[in-house]
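Visitor: Following is a predicted model, sequence given first.
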Number of protein chains: 2
Amino acid sequence: MEASLSEEESLEAGRMKASESENIEIGVEKLQVKIKRVRVLQLLCSVSVLVVANAALSGSMEAPEWQRTLRDELVQLGKEAQELTGSFCPRIENPSALEFLRDFVLPNRPCIITGAMEEWPARRQWSNEYLTGRLGEKKVSVNVTPDGRGDAIVDDKFFVLPEERLMTFAQFLAELYREGNDDVLYLSHQNDNLRSQIGEALLNDVPPSIPFVDDALGHGPDAVNLWMGDSRSVTTLHKDHYENLYAVIRGEKIFTLYPPTSLPFLYPHPYGIRRYRKEGGAWRICELGEQEGEEVKSWISVNPNAPDYDRHPLFEFASKTQVRVRPGEMLYLPSMWFHQVEQSDDTVAVNYWYDMVYGDRYAYHKFIESMVRQAHIK
Amino acid sequence: MEASLSEEESLEAGRMKASESENIEIGVEKLQVKIKRVRVLQLLCSVSVLVVANAALSGSMEAPEWQRTLRDELVQLGKEAQELTGSFCPRIENPSALEFLRDFVLPNRPCIITGAMEEWPARRQWSNEYLTGRLGEKKVSVNVTPDGRGDAIVDDKFFVLPEERLMTFAQFLAELYREGNDDVLYLSHQNDNLRSQIGEALLNDVPPSIPFVDDALGHGPDAVNLWMGDSRSVTTLHKDHYENLYAVIRGEKIFTLYPPTSLPFLYPHPYGIRRYRKEGGAWRICELGEQEGEEVKSWISVNPNAPDYDRHPLFEFASKTQVRVRPGEMLYLPSMWFHQVEQSDDTVAVNYWYDMVYGDRYAYHKFIESMVRQAHIK
């Protein structure tokens, strides 16, 4: 297994601070040295089991002091996790199940896997003509918005779902490539569409699951989704409770990643849920129907491409990693990592969602989520 | 790989509450159902990325309210981690590296490994006569105390180290088995003694490392230690920054385990460090010499065998697992788990310390340690 990392990883999109670029460019060896240094320190402690306590603070703290203490500790947690795990994303060639599990799933670290899609017929065959020939009359769910931002915060006020249109694949392609179409179409409905809607028509072109991931995790994927869209479509910052293998067939995907410990710096906030609807040729933001379930959604309020540091001062502590995933490459996006996804025109991708382990890491994250919510950390 | 669990796991030592026994007796299938239930719930949420926020609390909280909030959240964290990870310790026969890594190291869960020591010559050969023949004149470091409790809290006041005596192995055995000897000797000096002090004399009898663990973790052990003592010796509750494989050759070891998320309920406290010394036939507790390093040690103040619930009311939330490890069995004691160790008379064991991964789980734990220290949670 080889790990390599090029400067190309450092995309210029968004505001990238010097420290972040350095982090992205840091070599694997350097990180290993860092980790080794920590380990040596730990070794010196031998059986010393708990960090020697600071002189205990005396007396009760005032509430504002409490907030400061919690904030400082959360900043420290974020820094420590970044130092230990690193905020970069190495390229790994065809790892074994054991290497993948040990070096990435166990420490909850992303990587780009190369050389694992060489045999996929999809890589040679998936032209628009071929896809239309195979799928032309299949019905697919398509997300449509006026600006490419479905599942996004609008006017700092609502969490707005995309309009969902059911159409044939041929209709979808015609609309996607129609010159001057102001509606932004994105085949991004994560309903296991490759298996549930598209079925056998494409399942000989991509594997039903990723063998080394099946072996590593001990089970197959819960969902396999086909994604297709252009550069106007953006998936805004969020996290999923899945181990995600995201395979790019055509075009490029640009992922902006933040680890779970960056949660307090991303300002999750509860928003009322609305949905885009196009009625009489005009886009409207509508209330949900009674059958559409929950009415409030917690979503990240920071826009990492244009952060407002006055409103979100702690965002400077968020540990950003940005990666460009090219055709034939597969991103391992670890469970609970926050991600924003952008893409080039003419991008086709398939992702595999594997169930994550719900254990202490999940419980820690929920604990911090709850503390942040109650503390109004600013 | 098979997992089994018998009622024998439920030892009567210490105060064991009904809920704890149930937890120990819970079957693997039942836990899997539990986990599955959580997963199904998560699946239903689909891309819903953050728990829907509770109605945000308004206004600042008073300091005591803050302490209560933190305490309640820590209790919730402990419960959630216990529900997800389970507080039991299955017996697993000869797991593969992948199974061991996936099912135990990744979720940071203990297990007892059976069938992995069948070929160890030590299991047939390590009588006292044989050991004396091989090691008689070797110098070994022995921990000596008046009561079997080295590295323990004495009079609720000091953390007291054992007296360290360097003697030949033959002298150690003679003293250990001498009728009426009030000094309690314990060959338990974790200085990699099997390799550094005993060396090749025994290293043909036990393997230099555990192959499936080497493969799982990607490296060999940092230390291999020989342990030998009688039922008076107790290792008090603490944690180590190692993945620990603890192989019992003769006798039985009884481990009382608490997961890292139980930290807030175990009341770590800073103690001045002292050392036992026997001078003129009488035991004294002495200050450390100037060369002996740190003067304060954070140690667990709860005694799990006789908890004082008035002083330590949150101890009721600690998630206890108790296991008896028999000859030919090996405990996987995950890194950062708190453990107290008792044993039968005439116990001989070897443990392998493997470096742990320092990542987000370690950072989360340190965060909680620091919050608990500053909050004076009671």
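Guide: Looks like it came in fine. Residues are numbered from 1 along each chain as shown, chains lettered A, B, ... in the order given.

Visitor: chain center to stretch A:148-168, what's the gap?
Guide: Taking Cα atoms, centre = their mean, to the nearest Å, the mean C-alpha location of stretch A:148-168 is offset from the chain mean by 18 Å.

Visitor: Stretch A:177-187 too?
Guide: On Cα atoms, centre = their mean, the centre of stretch A:177-187 falls 24 Å from that of its chain.

Visitor: Buried residues of that stretch, list them for me.
Guide: Buried positions in stretch A:177-187, judged by neighbour count with 16 or more other Cβ atoms under 10 Å in any protein chain shown: A:183-187. To be clear about C-beta, it is placed using only N, CA and C from the backbone, and glycine gets the same treatment.

Visitor: Check those for the minimum pLDDT and say which it is.
Guide: Minimum pLDDT for the buried residues of stretch A:177-187 is recorded at A:Leu187 (92).

Visitor: For that one, list the residues it contacts.
Guide: A:Leu187 makes contact with A:140, A:142-143, A:172, A:193, A:226-229, according to Cβ atoms under 8 Å, 6 or more residues apart in numbering or on different chains.

Visitor: Format the buried residues of stretch A:177-187 as a markdown table; extra columns: secondary structure.
Guide: A markdown table is the format used below for those (DSSP: H, G, I helix; E, B strand; the rest coil):
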| residue | secondary structure |
| --- | --- |
| A:Asp183 | coil |
| A:Val184 | strand |
| A:Leu185 | strand |
| A:Tyr186 | strand |
| A:Leu187 | strand |
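
Visitor: and of the residues you listed, the nearest to chain B?
Guide: For the buried residues of stretch A:177-187, the closest approach to chain B (Cβ to the nearest Cβ) belongs to A:Tyr186, at 13.5 Å.

Visitor: Could you give the bridge partners of that closest one?
Guide: Beta-bridge partners for A:Tyr186, by DSSP bridges, are A:Asn143.

Visitor: Tell me if I'm right that it and A:Pro162 touch.
Guide: Yes. Between A:Tyr186 and A:Pro162 there is a contact under Cβ atoms under 8 Å: 7.3 Å.

Visitor: Now for the two: what residues contact both?
Guide: In terms of Cβ under 8 Å, 6+ apart, A:Tyr186 and A:Pro162 are both contacted by the residues A:143-145, A:150.

Visitor: Now, the contacts of A:Leu187 that are in strands?
Guide: When strands are assigned by DSSP state E, the members of the contacts of A:Leu187 inside them are A:140, A:142-143, A:226-229.

Visitor: now those residues: which count as buried?
Guide: A:140, A:142-143, A:226-229.

Visitor: what's the neighbour count on A:Tyr354?
Guide: Neighbour count for A:Tyr354, taken as other Cβ atoms under 10 Å in any protein chain shown: 22.

Visitor: Report the rounded mean pLDDT for the helix or strand where it lies.
Guide: When elements are assigned from DSSP states H and E, A:Tyr354 belongs to strand A:347-355. Summarised as a single mean, pLDDT over strand A:347-355 is 97.

Visitor: Ok, stretch A:202-217 next?
Guide: Per-residue scores along stretch A:202-217 average to 95.

Visitor: measure that stretch end to end?
Guide: One end of stretch A:202-217 to the other measures 25 Å (Cα to Cα, to the nearest Å).

Visitor: Need the residues that contact it.
Guide: Applying Cβ under 8 Å, 6+ apart, the contact partners of stretch A:202-217 are A:94-98, A:100-101, A:105, A:116, A:120-122, A:125-126, A:131, A:134-135, A:194-195, A:220-221, A:224, A:226, A:243, A:245, A:247, A:249, A:330, A:350, A:352, A:354-355, B:98, B:102.

Visitor: Out of those residues, which sit inside helices?
Guide: Members of the contacts of stretch A:202-217 lying in helices (criterion: DSSP state H): A:97-98, A:100, A:121-122, A:125, A:131, A:134-135, B:98.

Visitor: Would you convert those residues into TSV that also reports distance to B:Ser301 and neighbour count?
Guide: Shown next, in TSV, are the ones in helices among the contacts of stretch A:202-217 (distance: Cβ to Cβ, whole Å; neighbours: other Cβ atoms under 10 Å in any protein chain shown):
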residue	distance to B:Ser301	neighbour count
A:Ala97	43	21
A:Leu98	41	20
A:Phe100	42	24
A:Pro121	64	13
A:Ala122	61	20
A:Gln125	67	15
A:Leu131	66	24
A:Arg134	68	17
A:Leu135	66	21
B:Leu98	40	19
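
Visitor: Pipe the residues you listed into CSV and attach pLDDT and distance to A:Pro313 per row.
Guide: Formatted as CSV, these follow (pLDDT from 0 to 100; distance: Cβ to Cβ, whole Å):
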residue, pLDDT, distance to A:Pro313
A:Ala97, 98, 43
A:Leu98, 98, 43
A:Phe100, 98, 38
A:Pro121, 97, 50
A:Ala122, 97, 45
A:Gln125, 95, 50
A:Leu131, 94, 47
A:Arg134, 91, 51
A:Leu135, 89, 48
B:Leu98, 98, 45
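
Visitor: Could you pull out the strands in the stretch 251-378 of chain A for me?
Guide: Per DSSP state E, counting those that start in this stretch, the stretch 251-378 of chain A carries strands over the ranges A:253-258, A:268-279, A:282-287, A:296-300, A:321-325, A:330-333, A:338-343, A:347-355.

Visitor: I misspoke; the intended subject was the stretch 1-150 of chain A.
Guide: A:3-4, A:91-93, A:111-114, A:139-145, A:149-150.

Visitor: Is the last one positioned near chain B?
Guide: No. Strand A:149-150 stays clear of chain B (Cβ under 8 Å from any Cβ of the partner chain), getting no nearer than 10.7 Å.

Visitor: quick one: average pLDDT of the next helix-or-strand element following that strand?
Guide: Following strand A:149-150 in sequence order, the next helix or strand is strand A:152-154 (DSSP H and E). Strand A:152-154 comes out with an average pLDDT of 94.

Visitor: chain center to stretch A:288-303: distance?
Guide: 19 Å.

Visitor: now stretch A:261-273
Guide: 15 Å.

Visitor: where does chain A have low pLDDT?
Guide: Applying pLDDT under 70 to chain A flags residues A:1-63, A:377-378.

Visitor: what domains does the record give for it?
Guide: A:2-83, A:88-357 (automatic domain parsing).

Visitor: Pick the most buried one from those domains.
Guide: Of all the domains of chain A, domain A:88-357 carries the top mean neighbour count, a mean of 19, counting by mean count of other Cβ atoms under 10 Å in any protein chain shown.

Visitor: Return the residues of the stretch 151-300 of chain A in contact with chain B.
Guide: A:151, A:190, A:215-218, A:222, A:238-241, A:259-261, A:268-270, A:294, A:296-300.

Visitor: if we go to 7 Å?
Guide: A:190, A:215-218, A:222, A:238-241, A:259-261, A:268, A:270, A:294, A:296-299 (Cβ under 7 Å from any Cβ of the partner chain).

Visitor: coming back round to it: from the ones in strands among the contacts of A:Leu187, which single one is nearest B:Lys253?
Guide: Set against B:Lys253, the nearest of the ones in strands among the contacts of A:Leu187 by Cβ to Cβ is A:Trp227 (53.1 Å).

Visitor: For that closest one, which residues are in contact?
Guide: A:187-188, A:349, A:351 (Cβ atoms under 7 Å, 6 or more residues apart in numbering or on different chains).

Visitor: would CSV of these with distance to A:Phe367 be doable?
Guide: Shown next, in CSV, are the contacts of A:Trp227 (distance: Cβ to Cβ, whole Å):
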residue, distance to A:Phe367
A:Leu187, 37
A:Ser188, 32
A:Ala349, 34
A:Asn351, 29
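
Visitor: which helix of chain A spans the most residues?
Guide: In chain A, assigned by DSSP H, the helix with the most residues is helix A:63-85.
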